[in-house]
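In: This is a predicted model, with the sequence first.
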Amino acid sequence: MRNILWSGVMCLLLLSGCGWNGTPTRNNDFTPLTSITITPVYSTIAAGTSTTLTAVGNFSGLFTRDVTDQVVWSSGTAAVADFITAADKNRVTGSTSGHSILTATVGSVSATYTLTVSSAAITSLAITPVAPSKAQGLTTQFTAHGTFDDASTQDLTFDASWSSSDTAVATVTQGLAKGIAVGTATISATFGAKSDSTLLTVTAPVLQSIAVTPDNSTVSGISKTVNFIATGTYSNGTTADITAQAAWKSSQPSIASIVESSGVATTLTAGTTSISATMSGFTGKTNLTVTTAVLSSLKITPVGPVYMSVNGTQQLTVTATFNDSSTQIVTSSCVWASNPATYASVSSTGLVTGVASGTSTITATYSGQSESVNVTVH
């Protein structure tokens, strides 16, 4: 047993010396990268075009993982093909026909791939999709496909020059068009001596999301109303009050009901319900929590001291104030007492009657709290 314990201690010390704190992290912390595989989108590209490369690392044969974003790329013949796009470090561009050995390096592990750059000339260019419609504020990704005289085809979206006939209606960058205003614009792509174009129709903005306010509100007491508001955000970035257009729903109508067409909720009992507003396939939600009002204070009126004659009567009234600032007459719900009852008596409804000359203290108790008033009979 002593040897086993000693071995365990030594193992922990060794791991600690290696920088391990006893908590596992990523699945390759202790598994070294042993090889890299490079895969291009196109193995041969025409001069003036580009392609992207993917690097997948093999970790001691136990698992593989994409390491493209960790790779340092280099070209053995930069005059033929090179990595010249700063924002796209794994994109290689061909300049002239020939072969270039491309290298991917992570730490001390490297791999190579031989890329061929052809002298093929473009014969046609085609844009897709054709004549799409998009709501104002949304984007459409166009793709330019090139066909070359060696019968090869390439995606030239990145390499083509793009333009819009009316940038007030739509703009386009590397095939990604954005609708700026309602109308139509011709989107064009050009590569070499070939070009193609299509019409983009920008339609009215459409609803994209709904926000319901107030957010996660809490209301104390029943029979209280909460006015919910639905705000719609549209594809062009504008917002609008759609409270009257949305369909409202309470997930727990026994806790709080809601008018479907107006967003006005009424609390019914303690608990939490989800309040939702739906329009054009979009739904916004928030929670409404209803709590039981807590008694804050009692007040007896008329305020003492109260003077009355023998056999005279005086009706006392008790008002309860709650933590939500609401008030309620609770006279008939109180427990009434007179001390001493020799001078004044009190009924269960708070009616005081003078019995004999002297002073009695009349006390009302409700929900664990009490309030008193002195009654003097003469």
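Out: Perfect, thanks for sending it. Numbers count the residues shown, from 1 in each chain.

In: From here on, just use CA atoms for contacts and neighbour counts.
Out: OK.

In: Buried residues, stretch 142-152. List them.
Out: Buried positions in stretch 142-152, judged by neighbour count with 16 or more other CA atoms under 10 Å: F142, T143, A144, H145, G146, T147, F148.

In: now do stretch 112-121
Out: Neighbour-count burial for stretch 112-121 flags T112, Y113, L115, T116, V117, S118, S119, A120, A121 (criterion: 16+ other CA under 10 Å).

In: where are the low-confidence patches of this protein?
Out: Applying pLDDT under 70 to the chain flags the ranges 1-29.

In: how does it divide into domains?
Out: What automatic domain parsing lists as the domains of the chain is 35-118, 122-203, 207-291, 295-377.

In: Distance across the first one, terminal residue to terminal residue?
Out: To tie it back to what came earlier, the one meant is domain 35-118. 29 Å (CA to CA, to the nearest Å).

In: From the chain's centroid, how far away is that domain?
Out: 37 Å (CA atoms, centre = their mean, to the nearest Å).

In: Strands of the stretch 251-378 of the chain, start to end?
Out: With DSSP state E, counting those that start in this stretch, the ranges of strands along the stretch 251-378 of the chain come out as 256-258, 264-267, 271-279, 282-291, 295-301, 306-308, 313-315, 317-322, 327-329, 335-339, 344-346, 351-354, 358-366, 369-377.

In: could you redo these as TSV and give each row distance to I229 and mean neighbour count?
Out: Output for these, formatted as TSV (distance: least, CA to CA, whole Å; neighbours: other CA atoms under 10 Å):
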stretch	distance to I229	mean neighbour count
strand 256-258	12	24
strand 264-267	9	21
strand 271-279	9	21
strand 282-291	10	19
strand 295-301	31	17
strand 306-308	50	16
strand 313-315	46	16
strand 317-322	27	19
strand 327-329	27	13
strand 335-339	44	19
strand 344-346	50	25
strand 351-354	48	21
strand 358-366	38	20
strand 369-377	39	18
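
In: Which among these is found nearest to L156?
Out: Nearest of the strands of the stretch 251-378 of the chain to L156, taken as CA to CA: strand 282-291 at 36.6 Å.

In: So what are the sheet partners of the closest one and their directions?
Out: In the sheet, strand 282-291 lines up against strand 217-220 (parallel), strand 271-279 (antiparallel) (DSSP bridges).

In: which one of these lies closest to V172?
Out: With CA to CA as the yardstick, what comes closest out of these is strand 271-279 (31.0 Å).

In: would you turn the strands paired with strand 282-291 into TSV with distance to S333?
Out: Shown next, in TSV, are those (distance: least, CA to CA, whole Å):
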stretch	distance to S333
strand 217-220	21
strand 271-279	25
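
In: so which of those strands comes closest to Q369?
Out: For Q369, the closest of those is strand 217-220, at 19.3 Å, according to CA to CA.

In: Please work out which residues outside the following helix or strand past the closest one touch it.
Out: Later in the chain than strand 217-220, the nearest helix or strand by DSSP states H and E is strand 225-227. With contacts defined as CA atoms under 8 Å, 6 or more residues apart in numbering, strand 225-227 is touched by G263, V264, A265, T266, T267.

In: Turn these into a markdown table, including distance to T361.
Out: Conversion of the contacts of strand 225-227 to a markdown table gives the following (distance: CA to CA, whole Å):
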| residue | distance to T361 |
| --- | --- |
| G263 | 50 |
| V264 | 47 |
| A265 | 44 |
| T266 | 41 |
| T267 | 39 |
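
In: Just the closest of those residues to T171, please.
Out: Using CA to CA, these come closest to T171 at G263, 39.3 Å.

In: So what does the closest one have for phi and psi?
Out: With angles defined as degrees, to the nearest 10, G263 sits at phi 80, psi 20.

In: List the contacts of it.
Out: G263 neighbours (CA under 8 Å, 6+ apart): N227, F228, I229, T243, A244, W248, A277.

In: Would you mind measuring from G284 to I255?
Out: For G284, the distance to I255 - CA to CA - is 19 Å.

In: before we move on, what about G107?
Out: In terms of CA to CA, G107 sits 62 Å off from I255.

In: Looking at the two, which one has more neighbours?
Out: Set side by side, G107 and I255 show more neighbours around I255, with 21 against 9, by other CA atoms under 10 Å.

In: The more buried one is in contact with S274, isn't it?
Out: No - using CA atoms under 8 Å, I255 is not in contact with S274; the gap is 9.9 Å.
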